[in-house]
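A.B. asks: I'll drop the sequence and a predicted model, then ask my questions.
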Amino acid sequence: MLVSIIPTLFLLTASLNGINAAPCEPDPTTTTPPTTTTTPPTDPTGCTSIPPGTLPNTITTGFAIQVQNASYPIIHNRYMNLWASGGGDQHLFLSPAGDAAADLKLDNGVITRLPIRAVINGEYTPEDNTTKMFMTDRGDPRAIYDVVYGCSPSGQVQKELRFKARDTLLGGHICVRLTSGDRYEFRYSPPGNTATDRLCIKVTLAIL
């Protein structure tokens, strides 16, 4: 009788051991969530590491100035050209008007092409409250710029001329405005300007 019970106890013990050895399902309330490897969102323009601060405001190597405002394709990516005027002055227009200028320099923040320099002091118009920027060897109020890193509309880091002051008057910006002969001239818009009766398009001046 005892002999016949032993195999049955052996099988029952083995069965119980098998059950105890089976892996348990994890408790969903204590399971550690998976670690995420998602990359943080980046600047959609592509300029994710623009160096801060300003650069030296004197540039002794010749450069050209490209005008940028992608919201206005008619003026976007055109260049600042020089148009000879009386007395040695040079007026500033968007290409193709005038002569290409790839030999501009910067002297203490002032665009130069010796002996002339960029100034702001001509043809003020009240309808947009702007004043013309041109180049001369006279002592008119200088157009002064900082040199900074910026981001181009195509997402590339670039060097830019950021308008700083009209002589000692800080602030404002440079814009371009349609004028006679289907040309666009360069104008200065003062800080806090609210005049809108004539369009003058704010632009970025890229150094190339």
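C.D. replies: Done, it's in.

A.B. asks: drop to CA atoms for contacts and neighbour counts, all remaining ones
C.D. replies: Noted.

A.B. asks: Leaving out chain neighbours, which residue sits closest to the residue nearest the centre of the chain?
C.D. replies: Per Cα atoms, centre = their mean, the C-alpha nearest to the average position across the chain is that of residue 151, at 2.9 Å. Computed as Cα to Cα, 6 or more residues apart in numbering, the closest residue to residue 151 that is not its neighbour in sequence is residue 157, at 4.7 Å.

A.B. asks: That neighbour reaches residue 150, doesn't it?
C.D. replies: Yes: the criterion here is Cα atoms under 8 Å, and residue 157 meets it with residue 150 at 5.7 Å.

A.B. asks: all helices of the chain, in order?
C.D. replies: In the chain, the helices defined using DSSP state H lie at 2-21.

A.B. asks: low-scoring stretches of the protein, by residue?
C.D. replies: Within the chain, the stretches with pLDDT under 70 are 1-46.

A.B. asks: Might you report the residue contacts of the residue nearest to the centre of the chain?
C.D. replies: Shown in contact with residue 151 (Cα atoms under 8 Å, 6 or more residues apart in numbering): 45, 47, 50, 157, 158.

A.B. asks: I'd like the distance between it and residue 65.
C.D. replies: Using Cα to Cα, to the nearest Å, we find residue 151 at a distance of 15 Å from residue 65.

A.B. asks: ok so, going back, what residues are shared contacts of residue 157 and residue 150?
C.D. replies: Common neighbours of residue 157 and residue 150, using Cα under 8 Å, 6+ apart, are residue 50.

A.B. asks: More neighbours: the two, which one.
C.D. replies: residue 150 (21 against 17; other Cα atoms under 10 Å).

A.B. asks: in terms of contact, does the more buried one touch residue 158 like I think?
C.D. replies: Yes: counting by Cα under 8 Å, residue 150 does reach residue 158; the two are 5.3 Å apart.

A.B. asks: For the residue nearest to residue 62 when sequence neighbours are not counted, give me its contacts.
C.D. replies: Nearest non-adjacent residue to residue 62, counting by Cα to Cα, 6+ apart: residue 103, 4.0 Å away. Applying Cα under 8 Å, 6+ apart, we find residue 103 in contact with 61, 62, 63, 64, 113.

A.B. asks: got the end-to-end distance for stretch 197-207?
C.D. replies: Taking Cα to Cα, stretch 197-207 runs 31 Å from one end to the other.

A.B. asks: If you count neighbours, what's buried in it?
C.D. replies: In terms of neighbour count (16 or more other Cα atoms under 10 Å), stretch 197-207 has its buried residues at 200, 201, 202, 203, 204, 205, 206, 207.

A.B. asks: do the same with stretch 93-111
C.D. replies: Neighbour-count burial for stretch 93-111, counted by 16+ other Cα under 10 Å, picks out 93-95, 97-102, 104-107, 109-111.
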